[in-house]
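# kindly generate the corresponding structure for this input.
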Amino acid sequence: MTVFRRPGLQITGERRFVARLRAAAAMMFVCAALAACTGEQFQKGYILPPGALEQIPIGASQDQVLIVMGTPSTVATLSGEVFYYISQRSERKVAFMQQSVIDQRVIAIYFDKNRTVQRVANYGLQDGKIFDFISRTTPTSGQEMSYLTPIFKLLSPR
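Next up, the predicted model:
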């Protein structure tokens, strides 16, 4: 009995396997390229621990604030001392694009002459104006605003 084989039949099976392997590799490459284009979020500055502001009652000492909140971003001496904790969150929807600011916050903890907490404020931007998210008020112009406005202008994108 004689068996006839077509020449190249085995090669055709190998070619199909290689073609499928190439298609799978190309599909994986396309998926990886698309995944690299997805958005990113960035956090700059101070990251507020959950529940930290609730641990700072009025009348708490400056040492208690440092233990709960950590080292402030900057300190000012107005009529007493103020600790500022500055943060900014931004995102970009697609890789290699410019970042857009989502949220800017300045947490201000005001101390009296005895170095105890007099007031806590959580400033951010709402409708383009500086807004205190704790007392739900917009600060009026004066000495306090003169310190906050440059901080927000410095953080905002140009």
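
# contacts and neighbour counts: CA atoms only from here.
Fine.

# doesn't residue 82 belong to a helix?
No - under DSSP: H, G, I helix; E, B strand; the rest coil, residue 82 sits outside any helix and is assigned strand.

# who's in contact with it?
Contact analysis of residue 82 by CA atoms under 8 Å, 6 or more residues apart in numbering lists 75-76, 108-111.

# can I get these in a markdown table including distance to residue 65 and neighbour count?
Shown next, in a markdown table, are the contacts of residue 82 (distance: CA to CA, whole Å; neighbours: other CA atoms under 10 Å):
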| residue | distance to residue 65 | neighbour count |
| --- | --- | --- |
| 75 | 13 | 14 |
| 76 | 15 | 13 |
| 108 | 11 | 22 |
| 109 | 9 | 24 |
| 110 | 11 | 23 |
| 111 | 10 | 24 |
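
# pick the one among the residues you listed closest to residue 99.
residue 108 (26.0 Å; CA to CA).

# so what's that closest one up against?
Applying CA under 8 Å, 6+ apart to residue 108 gives the contacts 82-85, 120-123.

# selecting buried members of those in PyMOL, what would you type?
This is how PyMOL selects the buried members of these, with burial counted by 16 or more other CA atoms under 10 Å:
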select buried, resi 82+83+84+85+120+121+122+123
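
# the contacts of residue 108 into CSV, with extra columns for pLDDT and distance to residue 68?
Output for the contacts of residue 108, formatted as CSV (pLDDT from 0 to 100; distance: CA to CA, whole Å):
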residue, pLDDT, distance to residue 68
82, 90, 16
83, 92, 13
84, 90, 14
85, 92, 12
120, 91, 13
121, 88, 16
122, 85, 16
123, 85, 19
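
# tell me the one of the contacts of residue 108 nearest residue 29?
Using CA to CA, these come closest to residue 29 at residue 85, 43.1 Å.

# count the neighbours of residue 71 for me.
14 (other CA atoms under 10 Å).

# Three-state assignment for it, please.
coil.

# partner residues bridging residue 116?
Per DSSP bridges, the residues bridged to residue 116 are residue 61.

# sheet-wise, list the partners of the strand or helix carrying residue 90 with their directions.
Secondary structure from DSSP states H and E places residue 90 in strand 81-92. Each strand that pairs with strand 81-92, with its direction, by DSSP bridges: strand 40-45 (antiparallel), strand 74-76 (antiparallel), strand 100-111 (antiparallel).

# before I go, just wanted to say thanks for your time.
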